[in-house]
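Trainee: 3D model of this:
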Amino acid sequence: MHVTIHIGLPKCASSSLQGYFADNDALFRNAGLLYPVSHRQEDGYRHHDPLLASGLDVAAAADDILQEAEASGCRRVLLSAEQFSSDRTGKLAAVAGAFADRLSPDAVSCLCLIRDPVAMLRSSYQQFVRAGLWRIDRQAFYQTTDASMEAYIQEFHRLWGCHWFAYDQLITRAMAGVPASGLQVWDLDQTPSLTERLNAHFNLPDGTAAEVRNTRLPQVKIQFLRRFQQDFGHKIYDRNRPALIRRVNLSGSGYTPEQALLDGLDLPDGQLQQRFPQMQTHKLKALAMSGPR
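Mentor: Numbering: from 1, shown residues only. Reported below is the predicted structural model:
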């Protein structure tokens, strides 16, 4: 039996991975790999965030998952929860430890996906405006900053002690105390087809591609969502978020990329490269972490 735990990072194809394995559940069970229903969110992104729930009996949860694997005739298990990479309470170490106790540390490994740092910044800032991210206090953020991308960069650094592109440091923090035989760090920019790489890694047949989720919103919609939260607060926003995202039509507004820069919704590539020349160095350091532990 071997358990692989996918730990993120956020905005690095987690929803695509989760949807792919959930949609092809029966096919992959027949191939010997289980994407457990136990402790998995039933709808939406169908991830294993329930494993991070406060007060969860982690040992009992591991037993549930291993029993499901045995009943399905699967000798391989894949879990996915990108929140493991931003958790500060040792949940990843606890979950991995529970499986290591029942199997062995050699029977547990972790998988992490990363991408181009500039693309990551834009995607994560947009997701933060849409629904929050990286445990940043949204109420304080909207009350004490101009809610710009620059403010997001500064708040991330203040909270985490490193910049968003320091993948090696973020992964090292997440993996602290984790009993695992190995860590795989994949570069999405060098992976033309994530599903093909997953199939090859887990020795799986081709499955049906998952529905694309979290599509990028136009900048004018992000500006609207940000302004709504500045004016009315994130709690009222959360109650109305689906309607605000899906029903408010701002097409034809004439909002330009230049206006988005003036409004602080984006920063030029050249400026980011000049300010943070170490971005690619951190990415390469993270990729070098792949291998046995």
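Trainee: Ramachandran coordinates for the residue lying closest to N203 once chain neighbours are set aside?
Mentor: Nearest residue to N203, sequence neighbours excluded (C-beta to C-beta, 6 or more residues apart in numbering): A31, at 7.4 Å. From N, CA and C alone the C-beta is placed, and that goes for glycine too. Note on A31: its backbone torsions stand at phi -90, psi 0 [degrees, to the nearest 10].
Trainee: Does A31 touch G207 like I think?
Mentor: No. Between A31 and G207 there is no contact under C-beta atoms under 8 Å: 9.4 Å.
Trainee: quick one: which helix or strand includes L79?
Mentor: strand 76-80 (DSSP states H and E).
Trainee: what comes into contact with that strand?
Mentor: With C-beta atoms under 8 Å, 6 or more residues apart in numbering as the test, strand 76-80 has contacts from 1-6, 14, 17-18, 21, 32-36, 47-48, 51, 65-66, 69, 95, 202.
Trainee: Can I get the buried ones among the residues you listed as something I can paste into PyMOL?
Mentor: To isolate the buried members of the contacts of strand 76-80 in PyMOL, using 16 or more other C-beta atoms under 10 Å:
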select buried, resi 1+2+3+4+5+6+14+17+18+21+33+34+35+36+47+48+51+65+66+69+95+202
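Trainee: pLDDT below threshold where in the chain?
Mentor: Counting by pLDDT under 70, the chain contains low-confidence ranges at 212-214.
Trainee: can you pull out the helices in it?
Mentor: Assigned by DSSP state H, the chain shows helices spanning 14-23, 25-30, 58-72, 91-102, 117-131, 138-144, 149-160, 167-174, 194-202, 219-232, 234-246, 257-262, 269-275, 279-287.
Trainee: Quick one, which of the ones you listed gets closest to S85.
Mentor: Across the helices of the chain, S85 has its closest neighbour in helix 167-174 (4.7 Å, C-beta to C-beta).
Trainee: Which strands or helices does the closest one pack on?
Mentor: Applying 3 or more C-beta pairs under 8 Å, 6 or more residues apart in numbering; DSSP states H and E, one finds that helix 167-174 contacts strand 108-114, strand 182-187, helix 279-287.
Trainee: let's see 7 Å
Mentor: Here helix 167-174 touches helix 279-287, going by 3 or more C-beta pairs under 7 Å, 6 or more residues apart in numbering; DSSP states H and E.
Trainee: So which elements touch the helix it packs on?
Mentor: helix 167-174, strand 182-187.
Trainee: Quick check: which of these is nearest to E150?
Mentor: E150 sits nearest to helix 167-174 of all the helices and strands packed on helix 279-287, at 20.3 Å, using C-beta to C-beta.
Trainee: The residue lying closest to R216 once chain neighbours are set aside: neighbour count?
Mentor: Nearest residue to R216 in three dimensions, chain neighbours excluded: Q126, at 6.8 Å (C-beta to C-beta, 6+ apart). Residues near Q126, counting by other C-beta atoms under 10 Å, number 24.
Trainee: thinking Q126 is in contact with Q223, fair?
Mentor: No. Counting by C-beta atoms under 7 Å, Q126 stays clear of Q223, with 10.9 Å between them.
Trainee: Identify whichever of the helices of the chain lies nearest to S109.
Mentor: Closest to S109 of the helices of the chain is helix 91-102 (C-beta to C-beta; 9.1 Å).
Trainee: what's the angle from that closest one to strand 76-80?
Mentor: 170 degrees (axes from the mean of the first three to the mean of the last three C-alpha atoms, to 10 degrees).
Trainee: Please list the outside residues in contact with helix 91-102.
Mentor: 3, 5, 7, 51-52, 58-59, 62, 66, 84, 107-108, 174, 176-180 (C-beta atoms under 7 Å, 6 or more residues apart in numbering).
Trainee: And the residue lying closest to P36 once chain neighbours are set aside, how close does it get to D25?
Mentor: Of all residues not flanking P36 in the chain, I65 sits nearest, at 4.7 Å (C-beta to C-beta, 6+ apart). I65 sits 14 Å away from D25, taking C-beta to C-beta, to the nearest Å as the criterion.
Trainee: for L78, same thing?
Mentor: 11 Å.
Trainee: How about A62?
Mentor: Distance from A62 to D25, by C-beta to C-beta: 20 Å.
Trainee: If you count surrounding residues, which of those two has more?
Mentor: A62 (25 against 17).
Trainee: List the contacts of that one.
Mentor: 98-99, 102.
Trainee: just the residues you listed now: which is nearest C74?
Mentor: F99 (13.9 Å).
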